[in-house]
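Peer 1: sequence first, then the predicted structure:
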Amino acid sequence: MIAGLFVFVLYMYFFVGFSQVLVILENVNPVDYAAFYSLAVAATVLSILFVAAAWHSLLKTLEIKTKLKSIFLYTWVGYFVDLVVPCQATCGEVARIYLVHKENRENYGAIAASSITNRMISYFISSVGLFTGILLLLIRPNTVPVYVLNLLIVALIGTAIYLLALFYLAVEERAAAKLTSLLFRVAKALKLDRHLSPDLQERTQESLSVLHQSFKTFRKSPKNLVWPVVFQVFSLILNIFVYILVFYALGIRNLYIDFFIIAYFIVGTVQIAAAVFSVGTLDIVLTNLFVIYGVPIGFSVLAATLLRALTFWLPIITGYVTVQIVGAKKLLSPKARESIAAQQGIEKT
């Protein structure tokens, strides 16, 4: 992380110049900046609240009692774990499920079903957005380098594969037995089985069976998915709106909507894949993307920095504070996460 920040500072020094950035800052309207950036911060927090509300609605459908306030805090913890531990969103999911179970002692399978369903809704909506971004790039050829289009296509393919895997887990009744068997074969191959309790496989099988039964509840009553979908759509819209507000804060108001959609999905793709290692690299990628779209390099650096403050540093800081509040520090321990994931039986990657 520190190395990434150092690289980005060097990039600013040699390719932009601190003096140019300072001149821009001096000429930015302070009232507009304060108003629009404050709205961007509020929109970021509200988007997380909508994600939490979607999961809370799914938990209520399965009659799992928990407070929206708690789910909101656990969602921040999940984002924090995802950002500091590069494991493609799995670790954050495990952390959230564990915290809900710790609060109400409900079956892991039912909690996991609600969490995975929420993830499926989110990824489906994101795949639609990714597809829209790709179409917009194809409609406006030669506006960005080919590698940007290729990155979005790879992200769309990866999202589709991930969705198919989750869908298989949701609809295939034998998936529980197969997944349990695979998990314990891997544990045996790695000689970890000696550290597992004798009845762990049976309990894991039971949790995964409940997982499948919970998915059946959602399939039988699709209307229970309406509000979670609405909440997730609002969250996506707010996330894209954050990008618009940041540029408005800097006085830039002449960019097309496809620019914000593409920037949003590039940040999401790289940040999920690289997590903490995206520091510096993603900032430079964003800066160059903005320059390609005609934004002066000084403004591009500032916009990239302000956006990363909201999409990376805000979740990191808020998540860290929340981890202290809910007493979930042990979730950062690899051994603890492996133990929790083994109990849940929901390691998806």
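Peer 2: Received the coordinates, thanks.

Peer 1: give me the neighbour count for residue 216.
Peer 2: Number of residues near residue 216 (other C-beta atoms under 10 Å) recorded here: 13. For every residue, glycine as well, the C-beta is placed using N, CA and C.

Peer 1: sorry, that was for residue 60
Peer 2: By other C-beta under 10 Å, neighbour count at residue 60 equals 15.

Peer 1: do you know the pLDDT at it?
Peer 2: pLDDT, residue 60: 90.

Peer 1: again, but for residue 252
Peer 2: Residue 252 is given a pLDDT of 90.

Peer 1: tell me who's in contact with residue 111.
Peer 2: 59, 64, 97, 100-101 (C-beta atoms under 8 Å, 6 or more residues apart in numbering).

Peer 1: any weak-confidence spans in the stretch 201-349 of the chain?
Peer 2: Under the criterion pLDDT under 70, the flagged ranges of the stretch 201-349 of the chain are 201-214, 272-278, 327-349.

Peer 1: try it again at 90.
Peer 2: Residues of the stretch 201-349 of the chain meeting the criterion pLDDT under 90: 201-225, 253-301, 311-312, 319-349.

Peer 1: how about the helices in it?
Peer 2: 226-249, 257-274, 281-292, 297-308, 314-326, 334-344 (DSSP state H, counting those that start in this stretch).

Peer 1: all helices of the stretch 51-200 of the chain, in order?
Peer 2: 68-84, 90-104, 108-139, 146-171, 175-189, 200-220.

Peer 1: and those as a markdown table, adding distance to residue 289?
Peer 2: Below are these laid out as a markdown table (distance: least, C-beta to C-beta, whole Å):
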| stretch | distance to residue 289 |
| --- | --- |
| helix 68-84 | 21 |
| helix 90-104 | 26 |
| helix 108-139 | 12 |
| helix 146-171 | 7 |
| helix 175-189 | 39 |
| helix 200-220 | 38 |
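
Peer 1: to residue 253, which of these lies closest?
Peer 2: helix 108-139 (19.1 Å; C-beta to C-beta).

Peer 1: the inter-axis angle of that closest one versus helix 90-104?
Peer 2: Calculated by axes from the mean of the first three to the mean of the last three C-alpha atoms, to 10 degrees, helix 108-139 forms an angle of 140 degrees with helix 90-104.

Peer 1: buried stuff in helix 108-139?
Peer 2: Neighbour counts using 16 or more other C-beta atoms under 10 Å place 108-127, 129-130, 133-134, 136-137 of helix 108-139 among the buried residues.

Peer 1: try stretch 34-51
Peer 2: Quick answer for stretch 34-51 (16+ other C-beta under 10 Å): 36-37, 39-40, 43-44, 46-51.

Peer 1: tell me the mean pLDDT over that stretch?
Peer 2: Per-region confidence: stretch 34-51 scores 96 on mean pLDDT.

Peer 1: ok, now which ones touch residue 61?
Peer 2: 114, 217-218, 221, 224 are the contacts of residue 61 under C-beta under 8 Å, 6+ apart.

Peer 1: again, 7 Å this time
Peer 2: Contact analysis of residue 61 by C-beta atoms under 7 Å, 6 or more residues apart in numbering lists 217, 224.

Peer 1: look up how far residue 83 lies from residue 62.
Peer 2: Here the criterion is C-beta to C-beta, to the nearest Å. By it, residue 62 lies 28 Å from residue 83.

Peer 1: more neighbours: which of those two?
Peer 2: The neighbour comparison of residue 62 against residue 83 (other C-beta under 10 Å) goes to residue 83, with 25 against 20.

Peer 1: the more buried one and residue 9, how far apart?
Peer 2: Look at residue 83 and residue 9: by C-beta to C-beta, they are 20 Å apart.

Peer 1: from the chain's centroid, how far away is stretch 9-29?
Peer 2: Here stretch 9-29 is found 30 Å from its chain centre; the criterion is C-alpha atoms, centre = their mean, to the nearest Å.

Peer 1: wait, doesn't residue 297 sit right on residue 289?
Peer 2: No. Using C-beta atoms under 7 Å, residue 297 is not in contact with residue 289, being 11.6 Å away.

Peer 1: ok, these two, which is more surrounded?
Peer 2: Taking other C-beta under 10 Å, residue 297 and residue 289 do not tie; residue 289 has more neighbours (20 against 17).

Peer 1: so what's the more buried one up against?
Peer 2: Per C-beta under 7 Å, 6+ apart, neighbours of residue 289: 148, 263, 266.

Peer 1: what about 10 Å?
Peer 2: With contact taken as C-beta atoms under 10 Å, 6 or more residues apart in numbering, residue 289 is in contact with 144-145, 148, 259, 262-263, 266-267, 295, 300, 304.

Peer 1: any of those buried? List them.
Peer 2: Among these, those that count as buried by neighbour count (16+ other C-beta under 10 Å) are 144, 148, 259, 262-263, 266-267, 295, 300, 304.

Peer 1: closest one to residue 158 out of these, please.
Peer 2: residue 266 (13.6 Å).

Peer 1: any idea how far residue 35 is from residue 110?
Peer 2: Using C-beta to C-beta, residue 35 is found at 44 Å from residue 110.

Peer 1: will you turn the helices of the stretch 201-349 of the chain into a markdown table that also has distance to residue 165?
Peer 2: Formatted as a markdown table, those follow (distance: least, C-beta to C-beta, whole Å):
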| stretch | distance to residue 165 |
| --- | --- |
| helix 226-249 | 19 |
| helix 257-274 | 16 |
| helix 281-292 | 26 |
| helix 297-308 | 30 |
| helix 314-326 | 25 |
| helix 334-344 | 16 |
